[in-house]
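1. what follows is a predicted protein model with its sequence.
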Amino acid sequence: MKKNDSYLTVSDAIKVFDFGGTLIDFRPFGNGHINDTFLVRFRVNGIEKKYILQRLNGKVFKNPEQVMSNIVSVTSFLRNVILKNGGDPDRETLNVVKTKDKKAYYKDGYGNYWRVFLFISDAVSLDLPEDENDFYQSAVAFGSFQKDLEDFPAKTLFETIPDFHNTPVRYENFLKSLEKNASGRADTALAEIEFVKSRKAFTNVLEDAFKKGELPKRVTHNDTKINNVMLDKDTREPVCVLDLDTVMAGYSVNDFGDSIRFGASTAAEDEKDLNKVHFDIGLFETYTRGFLKGCGGRLTESEIMLLPEGAKMMTLECGMRFLTDYIDGDIYFKTDYDDHNLVRCRTQFKLVEEMEQQWDEMKKIVAKYK
Ligand code: ADP
Ligand code: GN1
Ligand code: MG
């Protein structure tokens with residue numbers, strides 16, 4: 001956070017919420033690309049209690065009230081499912097801590113939105129799976145998320161970021177950014193721009209399947225990176241799905257696909273050495289197995305057969321979003337250095353290429369699980 005930003009200080013924001021007890025300390029936390037996240041520690045009756053305080057990214061979320069409304073309704077629904085299953089709802093879903101005047105969030109005088117969740121203890125959020133089982137368990141977690149929200153009416157959710165995973169619309173936006181070239185950087189990304197343009201036809205595949213009735217709209221998470229799930233620190237089994245800002249109606253295959261683009265890679269999303277970046281088909285199969293187990297038979301046969309399309313679509317779309325942001329001048333994703341978004345888009349395109357090379361194999365794998 002820059003010192004001269006017009007922001008309420010974190011310590012002032014903390015005073016607004018109903019923590020009880022005395023503040024021990026707070027510090028920046030996690031590796032999200034969007035919100036500002038802080039770990040806040042309090043002492044309540046001699047016991048240390050941890051919370052997550054977040055300042056929502058107002059550039060990304062134009063209607064924070066709608067974001068919070070979606071989160072409150074989805075987590076209330078999940079609470080009941082967890083209770084029915086004999087689980088611990090304080091740990092297995094996000095829990096909103098209200099402000100002293102009983103609101104789910106606080107809007108400060110600068111227009112920034114703040115919110116607090118109970119901290120999920122004794123659990124880990126990983127930026128890369130440490131072994132295959134971690135990836136498998138994250139798949140079970142996101143699959144179960146589908147199953148647990150099966151009876152939640154998807155239509156009642158606000159579309160908090162319009163066309164978030166509508167790839168043809170993303171493609172049109174990419175062309176508009178290119179036309180504008182606000183950063184003047186388009187010349188430095190000619191090969192990457194060509195890569196996207198030559199895949200225009202593919203961007204329509206899922207929207208077409210939806211129009212043909214082959215792909216239902218369900219409640220989806222829409223940001224299924226492994227660091228958005230918490231695994232138990234000892235058993236490494238799923239505890240809680242986090243980062244519910246983009247819960248909306250969407251395609252299950254995109255939830256599947258976003259995890260693949262991030263976790264079935266042999267390197268980090270921003271690895272500069274492309275020789276280290278490969279699509280790992282073994283991990284693709286591992287995730288397929290875990291996701292479908294978590295879904296518990298809820299996906300239709302045509303959805304299962306479109307899982308490879310979801311993987312390629314989310315990887316291409318995310319690369320295109322990084323490239324668009326690079327051309328726009330880094331206005332959306334947090335970046336640590338000048339070419340960060342360009343580096344990120346290159347890893348995604350490398351993965352897309354390798355998926356294309358192994359397409360028949362991917363299709364064979366999912367067919368085994370129909
Ligand atoms: P962003 O949208 O910026 O990715 P997240 O909501 O994913 O923000 O939070 C960033 C990180 O903070 C997560 O990846 C996770 O490591 C950590 N985190 C978020 N909420 C919690 C929570 N309730 N308990 C423990 N850790 C959390
Ligand atoms: C953002 O917030 P975070 O870091 O979990 C982004 C995702 C991208 C991802 C790329 C709201 O996710 O869509 O896939 O970065 N979230 C939003 O790492 O745009
Ligand atoms: Mg996150």
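-> Yes, it's here. Ligands and ions are numbered 1, 2, ... in the order given.
2. CA atoms for contacts and neighbours, from now on please.
-> Noted.
3. show me which residues of the helix or strand hosting residue 146 are buried.
-> Following DSSP states H and E, one finds residue 146 within helix 132-148. Using 16 or more other CA atoms under 10 Å as the test for burial, helix 132-148 gives 133-148.
4. ok, and which of these reach ligand 2?
-> With CA under 6 Å from any ligand atom as the criterion, no member of the buried residues of helix 132-148 is in contact with ligand 2.
5. ligand 1: which of these is nearest?
-> Distances from the buried residues of helix 132-148 to ligand 1 were compared by CA to the nearest ligand atom; the smallest belongs to residue 138, at 13.0 Å.
6. give me every residue that touches the closest one.
-> If a contact means CA atoms under 8 Å, 6 or more residues apart in numbering, then residue 138 has 226, 229, 231, 238, 290 as its contacts.
7. which residues does the fourth one contact?
-> Counting by CA under 8 Å, 6+ apart, residue 238 touches 137, 138, 140, 141, 229, 230, 231, 232.
8. now with 7 Å, please.
-> The neighbourhood of residue 238, defined by CA atoms under 7 Å, 6 or more residues apart in numbering, consists of 137, 138, 141, 230, 231, 232.
9. and for the third one?
-> Under the criterion of CA under 7 Å, 6+ apart, the contact partners of residue 231 comprise 123, 124, 125, 237, 238, 239.
10. tell me the one of those nearest ligand 2?
-> Within these, proximity to ligand 2 (CA to the nearest ligand atom) peaks at residue 125, which comes in at 11.5 Å.
11. ok, that closest one to residue 231 distance?
-> Relative to residue 231, residue 125 is positioned 7 Å away (CA to CA, to the nearest Å).
12. would you turn the contacts of residue 231 into a markdown table with secondary structure?
-> Output for these, formatted as a markdown table (DSSP: H, G, I helix; E, B strand; the rest coil):
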| residue | secondary structure |
| --- | --- |
| 123 | strand |
| 124 | strand |
| 125 | coil |
| 237 | coil |
| 238 | strand |
| 239 | strand |
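13. quick one: which of those is the most crowded by neighbours?
-> Neighbour count (other CA atoms under 10 Å) singles out residue 239 as the most crowded of these, with 25 neighbours.
14. was I right to think that one contacts residue 233?
-> No: because the distance of 9.5 Å does not satisfy CA atoms under 7 Å, residue 239 is recorded as not touching residue 233.
15. give me the buried positions along stretch 291-300.
-> Taking 16+ other CA under 10 Å as the neighbour-count basis, stretch 291-300 is seen to contain the buried residues 291, 292, 293, 294, 295, 299.
16. quick check: pLDDT value at the residue lying closest to the third one once chain neighbours are set aside.
-> Spelled out, it's residue 293. Nearest residue to residue 293 in three dimensions, chain neighbours excluded: residue 140, at 6.3 Å (CA to CA, 6 or more residues apart in numbering). Residue 140 carries a pLDDT value of 98.
17. and residue 140, how far is that from residue 259?
-> The separation that residue 140 has from residue 259, given CA to CA, amounts to 11 Å.
18. let's verify residue 236: helix, strand, or coil?
-> The three-state label given to residue 236 by three-state DSSP is coil.
19. list the contacts of it.
-> With contacts taken as CA under 7 Å, 6+ apart, residue 236 has the following neighbours: residue 134.
20. now with 8 Å, please.
-> 133, 134, 137.
21. closest one of these to residue 168?
-> Among these, residue 137 lies closest to residue 168 (CA to CA), at 31.6 Å.
22. SS state for the closest residue to residue 60 other than its chain neighbours?
-> Nearest non-adjacent residue to residue 60, counting by CA to CA, 6+ apart: residue 332, 7.0 Å away. Reducing the assignment at residue 332 to three states with three-state DSSP gives coil.
23. check contacts around residue 332.
-> With contacts taken as CA under 8 Å, 6+ apart, residue 332 has the following neighbours: 34, 59, 60, 325.
24. got a quick ChimeraX command for the buried subset of those?
-> A single ChimeraX command selects the buried members of the contacts of residue 332 (16+ other CA under 10 Å):
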select :34,325
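25. the helices in the stretch 151-300 of the chain, which residues?
-> Remark: helices of the stretch 151-300 of the chain, listed N- to C-terminal, are 167-180, 190-197, 205-211, 252-263, 281-295; assignment by DSSP state H, counting those that start in this stretch.
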